[in-house]
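Student: what shape does this take:
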Amino acid sequence: MDDLIRHPLAHARIERGWTGPDLAREIRRAALRRGFRSGVERQRIWKWENGRAIPDNDSQLLLADVFEIAPRTVAALGWPHWLPGRDSSIPLGPHSTVPALREALRSSMDRRTFLTYSSAALVGFAHQWAATDPTAIASALDGQAVDAELVDLLEATGQKLTTLVTEQRQHTRTLLDAHLTTVTDLIEDGNYTEPVGSRLHTLAARLSQTVGWHRFDQGKHAAAGRFWHGALHSAHASGDRDLGAGIMSDLAYQATWLKDPKTAAEILRSAIARTEHPTARSLLHLRLARAQAALGEGHACRRSLEGAERELSRTAGEAPAWCSWMSHADLLVDSGQCLLDLGQPERAHQLIGEGMALLPSARDKTRAVFLTYEAGSYLKAGEADQAAAAAAESLTLANKIGAPRCVALVRELAPGFNKYAGADGVNDLLERVRTS
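Tutor: Numbering: from 1, shown residues only. Got it, this is the predicted structure:
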């Protein structure tokens, strides 16, 4: 739901389970606690949430009481930016990394889901990233500096946490958040040499990118976007263009997932233009192909798939850690999904099957996602038994690895199975969906 709510006030209200009248009642109670009366009713809440009116200063202070926001925050940020939610990104700049990371971590600590970024904000941010060169990392060595040995330890721990498979990562949320907080604190202190600062920013980018994927797998799309936003600021500050491009492609993947392939394609075109490593370029071309297929752009999609295959064949030596998993198996399964979107199911199933046969067990999340795509295609063709088998396997994997977004994909398919009650596996699948 969070990707559909565009006003921070509506988001803050719904996050607490309140209707418009509920919020109006809470405001009136806050007024009584302050010793006066408020005439706020449901209609005024509706006007505020739809941009028809702006609350006056007194009403904003009452809202701040209701949402437990400090008055100084209201005064500093102004309406509606002080509310728990917004859809604009922090611009890139020499001191933008820490605010971007703090914003993401704050959303995690407060257990709030902020608004997803608007399409315009994402595209504008991508263009800014592609056109802006990193500035030198500042340092202030007037106290005890962060030494390389400490960074060695932080990097080793970060490496273990960011390379865990999804099944294990579901249990490390607190560890990842705490590790990212520690690194962010060190960056904010600014007590390091430029080489050490570059390493800290790179580590923060990798950690924030991983946390973003964890939130994405949980279906917390707005929180995922915040962490990827922070990761991009960190990667940009470190000067790692390829890592930044990879994070941009994560935001693009999310846009495609949320049924906004046009935004995804625009982001990816900006990212590809500044990407150098062939494995990284292959991944970005592949994600661009997925967006183009969803848009029905068959010719452009095939051209991007050819680009992905060509770049992957050029790969020699070790790929960057963030895309080291990219393989021929990914080319096959994603090409198959492109063909499904373009209405070529027979060849699509063949490619997906070949690709999944090559995926290691550590890639069960990818397997679960593509099994649901196959299930949807079989269901559309009226092959209910094959669809049920694929969906059931996906559901088993999704529950095993703790990926609610994969469970949600199967749940979305469930209504389509109702007319096939009695077909092999269908009733069992529907019962499992009801209890998941």
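Student: pick out the residue nearest the middle of the chain.
Tutor: Ala224 (3.4 Å; CA atoms, centre = their mean).
Student: can you check what pLDDT the model gives that one?
Tutor: Looking at Ala224, its pLDDT reads 89.
Student: equivalent analysis for the one 3 residues further on, please.
Tutor: We note a pLDDT of 94 for Phe227 in this prediction.
Student: now it, nearest residue through space, not along the chain?
Tutor: Sequence neighbours aside, Gly212 is the residue nearest to Phe227 in space, at 3.6 Å (criterion: CB to CB, 6 or more residues apart in numbering). Placement of C-beta: from N, CA and C, glycine included.
Student: quick one: that neighbour from Asp334, how far?
Tutor: Separation of Gly212 from Asp334 (CB to CB, to the nearest Å): 20 Å.
Student: these two: which is more packed in?
Tutor: The neighbour comparison of Gly212 against Asp334 (other CB atoms under 10 Å) goes to Gly212, with 26 against 23.
Student: can you verify my assumption that the more buried one contacts Ala224?
Tutor: Yes - counting by CB atoms under 8 Å, Gly212 does reach Ala224; the two are 4.6 Å apart.
Student: which residues of the stretch 151-300 of the chain score low on pLDDT?
Tutor: 165-167, 169-170 (pLDDT under 70).
Student: show me the helices in it, by range?
Tutor: Listed in chain order, the helices of the stretch 151-300 of the chain (DSSP state H, counting those that start in this stretch) span 166-169, 173-189, 194-217, 221-238, 241-257, 261-272, 278-294, 298-314.
Student: tell me which of the ones you listed is the most buried.
Tutor: Mean neighbour count (mean count of other CB atoms under 10 Å) peaks for helix 221-238 among the helices of the stretch 151-300 of the chain, with a mean of 28.
Student: now find how far off-centre that one is within its chain.
Tutor: Relative to the centre of its chain, helix 221-238 is centred 9 Å away, using CA atoms, centre = their mean, to the nearest Å.
Student: now that helix - C-alpha only, PDB.
Tutor: Taking Å, rounded to 0.1, in the frame of the first residue of the first chain, the C-alpha atoms of helix 221-238 are listed here in PDB:
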ATOM      1  CA  HIS A 221       9.200  -1.000  -0.600                       C
ATOM      2  CA  ALA A 222       9.400   2.600   0.700                       C
ATOM      3  CA  ALA A 223      12.000   1.600   3.300                       C
ATOM      4  CA  ALA A 224      14.000  -0.300   0.600                       C
ATOM      5  CA  GLY A 225      14.100   2.800  -1.500                       C
ATOM      6  CA  ARG A 226      15.400   4.900   1.400                       C
ATOM      7  CA  PHE A 227      18.300   2.500   2.000                       C
ATOM      8  CA  TRP A 228      19.200   2.400  -1.700                       C
ATOM      9  CA  HIS A 229      19.000   6.200  -1.700                       C
ATOM     10  CA  GLY A 230      21.500   6.300   1.200                       C
ATOM     11  CA  ALA A 231      23.700   3.700  -0.500                       C
ATOM     12  CA  LEU A 232      23.900   5.700  -3.700                       C
ATOM     13  CA  HIS A 233      25.000   8.800  -1.800                       C
ATOM     14  CA  SER A 234      27.700   6.700  -0.100                       C
ATOM     15  CA  ALA A 235      28.900   5.100  -3.400                       C
ATOM     16  CA  HIS A 236      29.000   8.500  -5.100                       C
ATOM     17  CA  ALA A 237      31.100   9.900  -2.300                       C
ATOM     18  CA  SER A 238      33.500   7.000  -2.600                       C
END
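Student: and it, what does it pack onto?
Tutor: Packing partners of helix 221-238 (3 or more CB pairs under 8 Å, 6 or more residues apart in numbering; DSSP states H and E): helix 97-109, helix 119-131, helix 194-217, helix 241-257.
Student: repeat that with 6 Å
Tutor: Secondary-structure packing of helix 221-238 (3 or more CB pairs under 6 Å, 6 or more residues apart in numbering; DSSP states H and E): helix 97-109, helix 194-217, helix 241-257.
Student: would you list those helices in JSON lines and tack on distance to Leu409?
Tutor: Below are the helices and strands packed on helix 221-238 laid out as JSON lines (distance: least, CB to CB, whole Å):
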{"stretch": "helix 97-109", "distance to Leu409": "24"}
{"stretch": "helix 194-217", "distance to Leu409": "12"}
{"stretch": "helix 241-257", "distance to Leu409": "10"}
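Student: so which of the ones you listed gets nearest Asp185?
Tutor: Proximity to Asp185 (CB to CB) singles out helix 97-109 among the helices and strands packed on helix 221-238, at 9.0 Å.
Student: packing partners of that closest one?
Tutor: With contacts taken as 3+ CB pairs under 6 Å, 6+ apart, helix 97-109 sits against helix 173-189, helix 221-238.
Student: mind redoing it with 8 Å?
Tutor: When contacts are defined as 3+ CB pairs under 8 Å, 6+ apart, helix 97-109 packs onto helix 173-189, helix 194-217, helix 221-238.
Student: pull the residues that contact the first one.
Tutor: Right, helix 173-189. 97-98, 101-102, 105, 108-109, 146, 154, 157-158, 161, 169, 192, 197, 200-201, 203-204, 207-208, 210-211, 214, 234 (CB atoms under 8 Å, 6 or more residues apart in numbering).
Student: spatially nearest residue to Asp65 (excluding sequence neighbours)?
Tutor: Closest residue in space to Asp65, ignoring its immediate chain neighbours: Ala30 at 4.1 Å, by CB to CB, 6+ apart.
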